[in-house]
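1. Give me a 3D structure for the following:
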Amino acid sequence: MQDLMRAVIGFVQDHAAYAVPIAFALGFLKALAFVTMVVPGITIMLAMGTLIGASGIEFMPVWLAVSIGSGLGDWVSYAIGYRLKDRARHIWPLRNHPEWLPRGERFFRRFGPMSVVLCRFFSPLRATVPLLCGIFEMPWLAFQLANWASAFLWAALLLTPGSLLGAWLG
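-> Presented below is the predicted three-dimensional model:
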């Protein structure tokens, strides 16, 4: 097992130049409407944090990349919802799960901009709330403030524990 860990850490160190673009892509995909349902982002982010710490890759650039990717993913989801409006009900997976929209709308109406922050930490909501914010026309500035603040917080909370553990183990 230790040999495998050393091999993985060595591979990460040898390819450290790819850490930031990969972190950005994963942050973006994890936040993008519906893609988040098929990308196991939380597990990947925790593992990424551990590899950062164990391999000695700088934390700050990776954290920034995940944060910016995540914020942009939610922004794109908001824009899709804003553009599609009611037509979103006819697109997979919403057409297969029509109950998601009324549930998401109740959540969105109850918590307003805070729903953007909360959804980032709860996987079932992450797939729909930014989209709903666009569909139901949450004010752009309120959405963006909640989106970007939560993106940086989410990335820090997912990457930091693994990074500290990886540094301790390494």
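2. now the protein, which segments are flagged as low pLDDT?
-> Residues of the chain that meet the criterion pLDDT under 70 lie in 1-13, 15-16, 36-37, 39-41, 123-124, 127, 166-167, 169-170.
3. try 90
-> 1-23, 25-27, 29-59, 85-109, 112, 115, 118-129, 131-132, 136, 158-170 (pLDDT under 90).
4. residues contacting the residue lying closest to Leu145 once chain neighbours are set aside?
-> Nearest residue to Leu145, sequence neighbours excluded (CB to CB, 6 or more residues apart in numbering): Pro113, at 6.9 Å. C-beta coordinates here come from the backbone N, C-alpha and C atoms, glycine included. Going by CB atoms under 8 Å, 6 or more residues apart in numbering, Pro113 touches 138, 142-143, 145-146.
5. Quick one: residues in contact with stretch 83-93.
-> Taking CB under 8 Å, 6+ apart as the rule, stretch 83-93 contacts 34, 37, 80-81, 94-95, 98, 100-101, 127, 131, 134-135.
6. Equivalent analysis for stretch 126-136, please.
-> 30-31, 33-34, 36-37, 74-75, 77-86, 88, 93-94, 100-101, 104-105, 107-109, 115-116, 118-120, 143, 147.
7. Identify each buried residue in it, please.
-> Across stretch 126-136, burial judged by 16 or more other CB atoms under 10 Å covers 126-135.
8. from the chain's centre, how far out does the lengthiest helix in the chain sit?
-> The residue-count maximum for a helix in the chain (DSSP state H) belongs to helix 140-169. Centroid separation for helix 140-169 versus its chain: 9 Å, with CA atoms, centre = their mean, to the nearest Å.
9. Same question for stretch 95-115.
-> Per CA atoms, centre = their mean, the centroid offset for stretch 95-115 relative to its chain is 18 Å.
10. Buried residues of that stretch, list them for me.
-> With the criterion 16+ other CB under 10 Å, stretch 95-115 contains buried residues 100-101, 104, 107-108, 113, 115.
11. Next, the residue nearest to Leu145: phi, psi?
-> phi -60, psi -30 (degrees, to the nearest 10).
12. What of Met138?
-> phi -60, psi 140.
13. Torsion angles phi and psi at the closest residue to Leu159 other than its chain neighbours?
-> Spatially, and ignoring its direct neighbours in sequence, Leu159 is nearest to Gly49 (3.9 Å; CB to CB, 6+ apart). With angles defined as degrees, to the nearest 10, Gly49 sits at phi -60, psi -40.
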